[in-house]
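Asks: Fold the following.
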Amino acid sequence: MPELPEVETTVRELEKKILNKKIVNVFIESPSLIKRPSFSIFKKEIIGKKIIKVWRKGKNVLINLYPEKILLIHQKLTGHLLIGKWKKEDKKWIPVSENPYLKEGVNLFLRILFLLDNGDFLALSDLRKFAKIELWNERELLESKEFKEIGPDVLNISFEEFKERLRKKAKKPIKEVLMDQSVISGIGNIYSDEILWRAKIHPLKKIENLSEKDLKNVFLIMKKLLKKAILLKGESISDYRTPSGEKGEFDKERKVYRREKEKCYRCHHPIERIKIKSRSSYFCPFCQKYDPYH
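Replies: As a prediction, this is how the structure comes out:
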């Protein structure tokens, strides 16, 4: 699932490509992805709208449409947004751009395409069809309970607020809390593992057993790692691609995620995997020692 670096990369690229463009048509291959409003109303309300802002809240891509609509896209597990040109042949969308990356298999599962007034499409490729697309009135979205419950962005949060919010989850494991979007927003499975490996903290260690020094270390590593991941345009170990269809380059910095039974880069002990809240967590049992009481 795209996390903050992938979503931020997507937003930055979209800003360059779709800002001030008008949506002139929409082609929907998987209507079930449209969660709000109904498909017929969605299409009627979005055609003719001008894109005036592209931003994000946590892992959500947000596209403001003039005068007061917001298109919300959560890419979920296998979704990613693309920019290019396609044509439909034999019920399939075929890339006709010169860009060779759009022909990669993972970029061919097009579920919704927005035709822009410059001839380009903004498209969502999503193998598993888990993505969520909603069209809101701006004020309704900003005042909605769901939106307000998204925690502070990890790139902007101060250490004092970070510490305070984590301390409220004292009995919970650090891995679970880092991934809780109501505590802080933007971190998922990949970067939580990478942060904790670098901090030498076991993913099951409870917040109450972490010192202020531990939390400060996690905070600093989190900021540094995510900024570097953005520069590298994210992690493409799975389905994520940038809007140009290219892979992100964070993989060369990946130290622990999905490296079960491989040697730890620090101590050469084998990496292990456990389940926390039904999510796989990768760690080094030697570097990230665990004592449930300390």
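
Asks: Flag every buried residue along the longest helix along the chain.
Replies: Using DSSP state H, we find that the single longest helix of the chain is helix 212-231. For helix 212-231, the neighbour count (16 or more other C-beta atoms under 10 Å) marks 214-215, 217-219, 221-223, 225-226, 229-230 as buried. To be clear about C-beta, it is placed using only N, CA and C from the backbone, and glycine gets the same treatment.

Asks: How is the protein divided into domains?
Replies: Using automatic domain parsing, the domain ranges for the chain come out as 4-148, 159-283.

Asks: Adding mean pLDDT, write those out as JSON lines.
Replies: Shown next, in JSON lines, are those (pLDDT from 0 to 100):
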{"stretch": "domain 4-148", "mean pLDDT": "96"}
{"stretch": "domain 159-283", "mean pLDDT": "98"}
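
Asks: possible to save the ones you listed as CSV with distance to residue 294?
Replies: Below are these laid out as CSV (distance: least, C-beta to C-beta, whole Å):
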stretch, distance to residue 294
domain 4-148, 31
domain 159-283, 6
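
Asks: Just tell me which of those ends up closest to residue 292.
Replies: Closest approach to residue 292 among the domains of the chain is made by domain 159-283 (7.5 Å; C-beta to C-beta).

Asks: start to end distance for that closest one?
Replies: Start and end residues of domain 159-283 are separated by 25 Å (C-alpha to C-alpha, to the nearest Å).

Asks: Where do the strands of the chain begin and end?
Replies: Here the chain has its strands, by DSSP state E, at 23-28, 34-36, 50-57, 60-66, 69-74, 79-84, 86-89, 92-95, 110-116, 121-126, 132-137, 272-276, 279-283.

Asks: Quick check, residue 114 in contact with residue 28.
Replies: No. Using C-beta atoms under 8 Å, residue 114 makes no contact with residue 28, being 9.7 Å away.

Asks: Tell me which of those two has more neighbours.
Replies: Set side by side, residue 114 and residue 28 show more neighbours around residue 114, with 24 against 17, by other C-beta atoms under 10 Å.

Asks: Leaving out sequence neighbours, find the closest residue to the more buried one.
Replies: Excluding the flanking residues, the one nearest residue 114 by C-beta to C-beta, 6 or more residues apart in numbering is residue 122, at 4.4 Å.
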